[in-house]
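[1] what would the 3D arrangement of this be:
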Amino acid sequence: MIIDLPSSNTSAVNRKLVELRESGGVFALGRVLTLVVVTDDGPDLERAIDAANAASREHPCRVIVLARGQRRASPRLDAQIRVGGDAGASEVVVLRGYGALAAEDAGAGMVMPLLLPDAPVVAWWPGEAPAKPSEDAVGRLAQRRITDALSSKNPTKAFEQRRRDYAPGDTDLTWTRLTHWRAQLAAALDMPPYEEIGSAVVAGEPVSPSTELVAGWLASALGVKVKRSPSEHANGLSLVRLVRPSGSVELARPDGKTARLTQPGQPERLVALARREVSDCLAEELRRLDPDEVYEEALAGVSQVTRGRTPVKV
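    Presented below is the predicted three-dimensional model:
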């Protein structure tokens, strides 16, 4: 069910939520957090709402979407409430602010009256994010702040901002997309021969924040020389090679979907390693509300990575 409240205010939205609760049952019962989605009002809005709805099936929550409209328009708030089949396992409140209400400080003011009491707050920027999320008006309300450097207009610049301005509670979906890669590599090192890693090679397309992060993670976790090289394939992260005396452990994904794992004394294996959906990554990030120390170490480890110019064959 979708209820439109044009030219409204947060008090009217709250009254409508209470009315729906009294007429249709306590649909706020069991909500574990408030997810605030900050984006622009446009074609990407519904995709962000769909991803939040999918994640809410694992983490029932109230989703508040700040859809920033035209800054030059007269100040106006158009609200929308979605419940039932149009809201997954959550309740969705869409706040379209125009004019002065499209500013960051005004958005935080509209969000505050709608936050669930005594529940953690998570902020997510599915597209462009502030340079310092922890100092943003909405970011200051949240225990966790989720960004996505790959969705920015300039992913390289956005990633460098994440490195420079990291604060406890920050995370980025470029890191979450690496979970399966990290699990495969860690599992491979749990098998004999148990030898020290001498060095590592990471290859991916030139603009790939995830490739930078996995290189930083290896540099910080293993304390060895890590070389980051371009790849001849344009599928994000393509190759990780861990060099050991008896032979290298290599995880290669040339087609962006299926990876090939090779290691000494073991038959070659194929691993399903397609790029993860945003909804899957978001659901994973909502599982923890404490600072991600490993992500912080991976960001710091990027400065220890050396650069190669010759494309690596995968």
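[2] alpha carbons only for contacts and neighbour counts from here, please
    Noted.
[3] surely residue 250 touches residue 239?
    Yes. Between residue 250 and residue 239 there is a contact under CA atoms under 8 Å: 7.2 Å.
[4] ok, residue 309 - contacts?
    When contacts are counted by CA atoms under 8 Å, 6 or more residues apart in numbering, residue 309 touches 229-230.
[5] chain center to the lowest-mean-pLDDT helix or strand in the chain: distance?
    In the chain, the helix or strand scored least confidently by mean pLDDT, DSSP states H and E is helix 10-24, which has a mean of 87. Helix 10-24 sits 31 Å away from the centroid of its parent chain (CA atoms, centre = their mean, to the nearest Å).
[6] helix or strand next in line after it, which one?
    Next helix or strand after helix 10-24 toward the C-terminus (DSSP states H and E): strand 33-40.
[7] and that next one, what other elements does it pack with?
    Helices and strands touching strand 33-40, as assessed by 3 or more CA pairs under 8 Å, 6 or more residues apart in numbering; DSSP states H and E, comprise strand 61-68, strand 121-124.
[8] mind redoing it with 10 Å?
    On a contact count with 3 or more CA pairs under 10 Å, 6 or more residues apart in numbering; DSSP states H and E, strand 33-40 meets helix 45-56, strand 61-68, strand 91-98, helix 104-111, strand 121-124, strand 144-147.
[9] which strands or helices does the first one pack on?
    Secondary-structure packing of helix 45-56 (3+ CA pairs under 10 Å, 6+ apart): strand 33-40, strand 61-68, strand 91-98, helix 278-285.
[10] do that again at 6 Å, thanks
    helix 278-285 (3 or more CA pairs under 6 Å, 6 or more residues apart in numbering; DSSP states H and E).
[11] now the angle from the helix it packs on to helix 45-56?
    Interaxial angle of helix 278-285 relative to helix 45-56 (axes from the mean of the first three to the mean of the last three CA atoms, to 10 degrees): 40 degrees.
[12] just the buried residues of whichever helix or strand comes after helix 278-285, please?
    Moving toward the C-terminus from helix 278-285, the next helix or strand (DSSP H and E) is helix 293-301. Buried residues in helix 293-301, counted by 16 or more other CA atoms under 10 Å: 295-301.
[13] which regions of the chain sit below the pLDDT cut-off?
    Along the chain, the parts satisfying pLDDT under 70 run over 24-30.
[14] break it down into its structural domains.
    Domain assignment for the chain, taken from automatic domain parsing, gives 2-147, 179-307.
[15] just the element for residue 239, please.
    Take DSSP H and E as the rule and residue 239 turns out to sit in strand 237-243.
[16] that older thread, tell me which of the helices and strands packed on strand 33-40 lies nearest to residue 168.
    With CA to CA as the measure, strand 144-147 is the member of the helices and strands packed on strand 33-40 nearest residue 168 (8.3 Å).
[17] what's the offset of the closest one from the middle of its chain?
    Distance, centroid of strand 144-147 to centroid of chain: 7 Å (CA atoms, centre = their mean).
[18] sheet partners, orientation included, of it?
    When pairing is defined by DSSP bridges, strand 144-147 lines up against strand 121-124 (parallel), strand 170-172 (parallel).
[19] dump the ones you listed to a markdown table, plus distance to residue 100 and mean neighbour count.
    Formatted as a markdown table, the strands paired with strand 144-147 follow (distance: least, CA to CA, whole Å; neighbours: other CA atoms under 10 Å):
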| stretch | distance to residue 100 | mean neighbour count |
| --- | --- | --- |
| strand 121-124 | 21 | 24 |
| strand 170-172 | 27 | 24 |
